[in-house]
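here are the coordinates; sequence isn't available:
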């Protein structure tokens, strides 16, 4: 048996020499505070050359980084070697490559370069994968194909001309109308407000010294309180909408989702910073349709991938699971069916409801706390310590709780269609997951005291993909057992007692012919 040639026999590759124009700019920008301090200290002591020497040192070190960086692709692994005095070599097996994320910032795009992040799916933040910062755009695209389409077959070779990709979805400019309902504008507004507040606080600026704030304060003082509230709400709404639309366009302009014939999904997007993420289809275990309450209210949804080794928000893979940004829910379902590529799977499957016991639990957990909260101001009003309009206004809380309970119950549902387990739950953030049953590695059946009294259970499918646990919430206990056994036949045989003639006559035999766990 012949062994594979050692990696030292293969040529090491360099990053693009055009990175020599980016590294100095980036390192000098990071060192600006230190350089400014040296400049001030040197000027006061008559040693202005200190800052020039530090600037030259920073630029020399940035150039040295390019000279000491090498990478290598073999049939078995990817290697990255960096450092001069302290040599560091990072190695990742080809079969552990989950995603290839190609990002090009404004300066990268100006020079025709890209940064390639090779996602390995590790949960260790210090070892999130290999990053090759400074490949030409052509080399980055070729490396993406080389890694993803060789990862499952070491003997495979990359074709000289890339095959045509199947277009699954692309950005419709009308989708921008969903941007204000994603809450990204709210987060951005809060971040900007916090930054401005910190700058004002650090600079000891008095609010009444700012002309704009002073004039706005006079205007609000001269108008009724209700008009002030309306104007403030309108101003905040316009600001949040504007920031949401700008953020949406910056992040998702030129969005395209394609399928490569070699077996990968390719998502590209971005206006100023272009980003292209590729997910190997052999790692795909399903998709998740995500709907925040504001987005669901206007008929929108987002689509993310459920893939092994990919966890939402992990380092270099942050955002790497996104398949479709906020858009029409119907389009998200169509894209989900196209991604899963299963003709037997309906675009909008009919889910089994969980019955009246599950509905009662929704009402008990929503309405009772709301009523108790309403009783507090009511008691204070009866004691004569609060104005009468407050308890009257507080009655809205139980009414809203009733609507929330009904909406939470309407969200509950599950189905087993072909090789996919479908589960849905949530109200403020509704999630519908389509999970392949061959990606399920185990079950977790949990019953609280109140669930046992109601005859309900929460069935959790454990998997190595996505969030690693997907729940079928408050399903009838017998239905949970039937569902688990139908999804993975034989897995529960050792835990279930089949009904037979040896069962005592006074025993209650479930309709499915199985008793609960031993």
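Here it is on my side, so go on. Note that the coordinates shown come from a computational prediction; the quantities given were computed from them, not determined experimentally.

any stretches of the protein with poor pLDDT?
In the predicted model, the chain carries pLDDT under 70 at residues 1-10, 27-55, 121-129, 149-163, 199-214, 220, 309-320, 385-386, 388, 493-518.

thinking residue 331 is in contact with residue 171, fair?
No: if you go by C-beta atoms under 8 Å, residue 331 and residue 171 don't touch, sitting 10.8 Å apart. Placement of C-beta: from N, CA and C, glycine included.

look at those two and report which has more neighbours.
Higher neighbour count among residue 331 and residue 171: residue 171, with 19 against 16, using other C-beta atoms under 10 Å.

what packs against the helix or strand where residue 372 lies?
If you go by DSSP states H and E, residue 372 is part of helix 355-382. When contacts are defined as 3 or more C-beta pairs under 8 Å, 6 or more residues apart in numbering; DSSP states H and E, helix 355-382 packs onto helix 389-394, helix 396-411, helix 449-454, strand 456-463, strand 469-476.

tell me which residues of it are tucked away?
Applying a neighbour-count criterion of 16 or more other C-beta atoms under 10 Å, the buried positions in helix 355-382 are 355, 358-359, 361-363, 366-367, 370, 374, 377-378, 381.

then stretch 80-94?
For stretch 80-94, by 16+ other C-beta under 10 Å, it's 80, 92, 94.

the second one contacts residue 132, doesn't it?
No: with contact defined as C-beta under 8 Å, residue 92 does not reach residue 132; the gap is 11.7 Å.

overlap in contacts of these two?
Shared contacts of residue 92 and residue 132, defined by C-beta atoms under 8 Å, 6 or more residues apart in numbering, comprise residue 118.

please, which helix or strand holds residue 286?
Following DSSP H and E, the helix or strand that holds residue 286 is strand 284-292.

tell me which other helices or strands that strand touches.
Counting by 3+ C-beta pairs under 8 Å, 6+ apart, strand 284-292 packs on strand 300-307, helix 329-340, strand 429-436.

quick one: closest of those to residue 69.
The minimum distance between residue 69 and the helices and strands packed on strand 284-292 falls on strand 300-307, with 29.2 Å, by C-beta to C-beta.

the closest one pairs with which strands?
Each strand paired with strand 300-307, and its direction, by DSSP bridges: strand 284-292 (antiparallel), strand 322-328 (antiparallel).

which residues does the nearest residue to residue 64 once chain neighbours are set aside contact?
In space, and not counting its chain neighbours, residue 64 is closest to residue 84: 6.4 Å by C-beta to C-beta, 6 or more residues apart in numbering. Contacts for residue 84 (C-beta under 8 Å, 6+ apart) come out as 64, 67-68.

residue 84 and residue 109, how far apart?
Using C-beta to C-beta, to the nearest Å, residue 84 is found at 30 Å from residue 109.

before we move on, the earlier item: okay if I get the helices and strands packed on helix 355-382 as JSON lines plus distance to residue 417?
Formatted as JSON lines, the helices and strands packed on helix 355-382 follow (distance: least, C-beta to C-beta, whole Å):
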{"stretch": "helix 389-394", "distance to residue 417": "45"}
{"stretch": "helix 396-411", "distance to residue 417": "18"}
{"stretch": "helix 449-454", "distance to residue 417": "26"}
{"stretch": "strand 456-463", "distance to residue 417": "15"}
{"stretch": "strand 469-476", "distance to residue 417": "14"}
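
make JSON lines out of the ones you listed and add mean neighbour count and distance to residue 180.
Formatted as JSON lines, these follow (neighbours: other C-beta atoms under 10 Å; distance: least, C-beta to C-beta, whole Å):
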{"stretch": "helix 389-394", "mean neighbour count": "14", "distance to residue 180": "27"}
{"stretch": "helix 396-411", "mean neighbour count": "17", "distance to residue 180": "21"}
{"stretch": "helix 449-454", "mean neighbour count": "13", "distance to residue 180": "38"}
{"stretch": "strand 456-463", "mean neighbour count": "21", "distance to residue 180": "34"}
{"stretch": "strand 469-476", "mean neighbour count": "22", "distance to residue 180": "30"}
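
out of those, flag the one nearest residue 418.
The closest of the helices and strands packed on helix 355-382 to residue 418 is strand 456-463. By C-beta to C-beta, the value is 15.7 Å.

what does that closest one contact?
With C-beta under 8 Å, 6+ apart as the contact definition, strand 456-463 has outside contacts at 285, 306, 308, 354, 357-358, 361, 421, 423, 435, 439-447, 451, 468-477, 480, 483-484, 487.

for residue 12, see how far away the residue nearest to residue 64 is.
In this view, residue 84 and residue 12 are 15 Å apart by C-beta to C-beta.

can you give me the helices for the stretch 51-200 of the chain?
With DSSP state H, counting those that start in this stretch, the ranges of helices along the stretch 51-200 of the chain come out as 106-111, 137-148, 184-202.

which among these is found nearest to residue 278?
Of all the helices of the stretch 51-200 of the chain, helix 137-148 sits nearest to residue 278, with 5.4 Å by C-beta to C-beta.

list the helices and strands the closest one packs on?
Judged by 3+ C-beta pairs under 8 Å, 6+ apart, helix 137-148 is in contact with strand 70-73, strand 99-104, strand 113-119, strand 274-280.

just put the ones you listed in JSON lines and tack on mean neighbour count.
Listed next are the helices and strands packed on helix 137-148 as JSON lines, based on neighbours: other C-beta atoms under 10 Å:
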{"stretch": "strand 70-73", "mean neighbour count": "17"}
{"stretch": "strand 99-104", "mean neighbour count": "24"}
{"stretch": "strand 113-119", "mean neighbour count": "25"}
{"stretch": "strand 274-280", "mean neighbour count": "24"}
